[in-house]
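Visitor: coordinates only, sequence not included:
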């Protein structure tokens, strides 16, 4: 590594651990954001040219004209299946094509017919079919209103902030002067000849949209502002060869006070208004030790926002991969409780409203309005566009042990043995960048990891697995096979002058493969084959870090926007880079097994659709209590926009946690979807047994709770894969009319049936959990104590407390015999926890497959409905056409909220009846049925008499 780079890294990685805000732009420093934000709400210059309206069965097209510069746009409006509307706006005749995001949508969304209800000189009204839904297109100024009955669900351009910077030639260039001179000479010649032949020619010429670009220039000498044609930030310049190209559009949401989503930000679940501060920024960046509670960009960007009130949930998906800023304002924001009461007393009729404005640097406007009406409908609508969460191997839902770095094979072996010695289960051990030969990915350090297959075999013998890091920056080194192949095939991203783009990252000077090129992705995938990736085996999986992409000496620690991917600039597709890296890596893991095995790939950077390829984590957090707290809203926000497989580094990546913080973080992480401990190179070692026997016992118990619940986690991920519904959910998703839940982000649901309120305060003696649901009950999963819903419950806590509650009316399967890894538990028996509702009913499911292959797609699985009603518990096959057998059986059934029976009878599918032994704890109303013994895949009923 170059000495200069080493020195630079030393400076960066030592000293104060805090984000340097000066490395990252504010809206004022981002020329297009500053320009667009200077436009204030008011009369829009755009009007619809109703005479250009064309309506086919599936789409409406209509030209819009900007009366200031006479540039015409083309509006396309589609009604999509599943209660969605798509709005596309592009230039009618752009100087060159504008970027439209490929590969994110899983298909061209199927349309449904629209019909014209009425039309006059002011606009048109179209029917959207279902439930008296209509879209009103107003002509002057242009705006769209989506209505249901007499209620406006959403308005578009109601504040007049539609802006579309048309592509143009730069006026001070030689080519512009030649073109305009030739054009004006040619125009004069045409005019002379045509006007002699046809007196009407002048009028026809004016009406021809082909002349609109010239008109735009002639009509109004457009003001050239700083940053339109080139921009500098710190020492970096952006040549902007295409000039200004930003797009912007506003949306108004009447009746809405709560909006969510647009991850990734280290902020509350409910998005804040951005008046008086910066907008939320979506621009994938390697942010070194990020700050909390602000709208700065982080590693990933999902341009999806959900809006919710007690009547309806809706969503907006802004399909644009360029740098994007999102402004949120509200007419109720900043009003005190007194102000709101005054409105009430004085009979103020002002309906709450949230206004949202999206601003992107380039591309087109392509937006999907998801009209719900229920939260689950919005999840399904979004999943129908971008796909669902990949169904992970079961072991990936277990515990992962990581640090930067395990030093060598002996270290790996010692850590592995330490888990067995201290009786703590784990499934994956991870290797960071130091395992490679000089930061050359797909290689191993020849001294520290000389025999990687022996190491992997040793782990495999214990039914465990490994993850090794493979980053997308490639060391420029003529002795490195991967670099030579990429260079010779021309697969590197190019700089603006046509050479290979190079920047600094961990290996020193590095090239960046162009993952937007499908040939590059196919080649990358082929590198994961066992005969290509030397030392790899089937229990080695992959971690893609630094894929924003991170460029240590680039602007904002990322790639120059004028770098080139084929026909496109990096600025057009920046937020897609990490999506494509994970896509190619996951495809490689699938291919190496001949399409049989499910992959596991963790990514740091992501975009809409990344859920299809694996897991994400919240990046380089710190060992601080506030970072523990923020992990909850960060993962909840990701779940709302399709990315269910989310977690945070347990213990914090930077700094050193106190033993109390570490224990509390394990207790929280055990109830989040991706459960991995990770730590920085410069932190003291923190394997779970290094903090004294008491803390080891507390961590062991938290990890064991995770393992016992794996059957429940696994079936929730199966449902996420099938439906797109999040695994970890805010309470309002299941209690959409309970306004007390709308801003709650210190507790959450796992599926419908488990409520978790982790202890995230230092020195806490108690927490207050909100148990939702009037007329419902909740059972403490540790003590089985019953509590009524719709109450704030004060819960005293000790260091061993993890407040978790099971919903009355649910059945949750667990495996209580915890072994050293999840694979060791494959054939173990189940315990069913039946929590009765006040109506003495309960429902749940049991899903079982082989845990690691795609054979579930060939109907090789067991899926059963468990239900309790009228004192009968039964297991019914939900998939009669599926075939799979399991050795697991039902070893115990606990019925919470039960009364004592006189006898309990088991009836099996073959007609056999037998009496079951039972215990009844009258003080807690818990009935325990011991060793009923039926196969988990069989039909059976248990009758209480």
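Guide: Cool, the structure landed. All of these numbers come straight from a predicted model, not from anything done at the bench. Numbers count the residues shown, from 1 in each chain.

Visitor: Pop the domain breakdown of this protein in here.
Guide: 31-165+243-386, 398-468+519-548+574-727, 829-944 (the TED database).

Visitor: could those domains be laid out in TSV, adding mean pLDDT, distance to residue 735 and mean neighbour count?
Guide: (Each C-beta comes from the backbone N, C-alpha and C, glycine too.) Putting the domains of the chain into TSV (pLDDT from 0 to 100; distance: least, C-beta to C-beta, whole Å; neighbours: other C-beta atoms under 10 Å) gives the following:
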stretch	mean pLDDT	distance to residue 735	mean neighbour count
domain 31-165+243-386	94	10	19
domain 398-468+519-548+574-727	98	14	21
domain 829-944	98	15	17
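
Visitor: which stretches of the stretch 551-700 of the chain form helices?
Guide: Ranges of helices in the stretch 551-700 of the chain, per DSSP state H, counting those that start in this stretch, are 570-573, 577-592, 625-640, 659-669, 693-708.

Visitor: Save those helices as TSV, and put in distance to residue 403 too.
Guide: Formatted as TSV, these follow (distance: least, C-beta to C-beta, whole Å):
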stretch	distance to residue 403
helix 570-573	33
helix 577-592	22
helix 625-640	17
helix 659-669	13
helix 693-708	15
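
Visitor: Phi first, then psi, for the nearest residue to residue 257 once chain neighbours are set aside.
Guide: Nearest in space to residue 257, with sequence neighbours left out and distances taken as C-beta to C-beta, 6 or more residues apart in numbering, is residue 352 at 4.6 Å. Main-chain torsions, residue 352, degrees, to the nearest 10: phi -60, psi 150.

Visitor: I figured residue 352 hits residue 258, correct?
Guide: No. Judged on C-beta atoms under 8 Å, residue 352 makes no contact with residue 258 at a distance of 9.5 Å.

Visitor: which residues does the residue nearest to residue 257 contact?
Guide: By C-beta atoms under 8 Å, 6 or more residues apart in numbering, residue 352 lies in contact with 255-257, 330-332.

Visitor: Out of the domains of the chain, flag the one nearest residue 822.
Guide: domain 398-468+519-548+574-727 (4.3 Å; C-beta to C-beta).

Visitor: quick one: which of the helices of the stretch 551-700 of the chain is nearest residue 24?
Guide: So among these, helix 570-573 is nearest, using C-beta to C-beta, at 16.3 Å.

Visitor: quick one: the residue nearest to residue 18 when sequence neighbours are not counted and residue 506, what's the gap?
Guide: Distance criterion C-beta to C-beta, 6+ apart; nearest residue to residue 18, sequence neighbours excluded, is residue 289 at 5.6 Å. Between residue 289 and residue 506 the distance, using C-beta to C-beta, to the nearest Å, works out to 17 Å.

Visitor: per-residue confidence at residue 6?
Guide: pLDDT recorded at residue 6 is 44.

Visitor: Also residue 224?
Guide: 85.

Visitor: Over to residue 555?
Guide: 98.

Visitor: Settle this for me: it is touching residue 232, isn't it.
Guide: No. The pair residue 555 / residue 232 is not scored as a contact, 9.1 Å apart, by C-beta under 8 Å.

Visitor: Compare the two (neighbour count), which wins?
Guide: Neighbour count, other C-beta atoms under 10 Å: between residue 555 and residue 232, residue 555 has more, with 20 against 13.

Visitor: Find the nearest non-adjacent residue to the more buried one, please.
Guide: Residue nearest to residue 555 in three dimensions, not counting chain neighbours: residue 236, with 3.7 Å by C-beta to C-beta, 6+ apart.

Visitor: residues in contact with that neighbour?
Guide: When contacts are counted by C-beta under 8 Å, 6+ apart, residue 236 touches 554-555, 560.

Visitor: how close does it get to residue 230?
Guide: From residue 236 to residue 230 the distance is 11 Å (C-beta to C-beta).

Visitor: next one: residue 727
Guide: Distance from residue 727 to residue 230, by C-beta to C-beta: 46 Å.
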